[in-house]
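1. The sequence isn't on hand, but the structure is:
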């Protein structure tokens with residue numbers, strides 16, 4: 001048996017950087033954890049996998065994981081024909 005003890009987790013510099021970036025993103029975006037009527041991430045053109053509960057949003061101002069039922073100010077419907 002090893003005497004190795006797992007150290008307590010501590011934020012690294014990258015975590016602080018990401019936290020600041022995400023805080024700015026949240027300040028600049030209206031990202032809600034609920035749909036706005038019929039508009040929700042699941043039926044937005046930027047939601048990468050529209051059959052998943054959580055997927056990547058590839059909108060240039062977000063580029064983060066979002067929930068299918070979420071909504072943001074940049075919601076855009078999927079164009080006719082399903083191509084984005």
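-> Received, thanks. Quick caveat, the model's predicted, so the values are computed rather than measured.
2. who touches stretch 22-34?
-> Stretch 22-34 is contacted by residues 61-62, 64, 66-67, 69-74 when judged by CB atoms under 8 Å, 6 or more residues apart in numbering. For the C-beta atoms, the positions are set from N, CA and C on the backbone; glycine is no exception.
3. ok, and for that stretch, which residues are buried?
-> Judged by neighbour count (16 or more other CB atoms under 10 Å), stretch 22-34 contains these buried residues: residue 31.
4. tell me how far it is from the chain's mean position?
-> 9 Å (CA atoms, centre = their mean, to the nearest Å).
5. Kindly check the end-to-end length of it for me.
-> Length of stretch 22-34, first residue to last, CA to CA, to the nearest Å: 19 Å.
6. what is the mean pLDDT for it?
-> Mean pLDDT, stretch 22-34: 81.
7. quick one on the thing from earlier: max pairwise distance over the contacts of stretch 22-34: which two?
-> 61 and 69 (19.9 Å; CB to CB).
8. ok so, going back, output the contacts of stretch 22-34 in CSV, with neighbour count and secondary structure appended to each entry.
-> Converted to CSV, the contacts of stretch 22-34 look like this (neighbours: other CB atoms under 10 Å; DSSP: H, G, I helix; E, B strand; the rest coil):
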residue, neighbour count, secondary structure
61, 13, coil
62, 18, coil
64, 13, strand
66, 23, strand
67, 18, strand
69, 13, coil
70, 21, coil
71, 22, strand
72, 20, strand
73, 12, coil
74, 16, coil
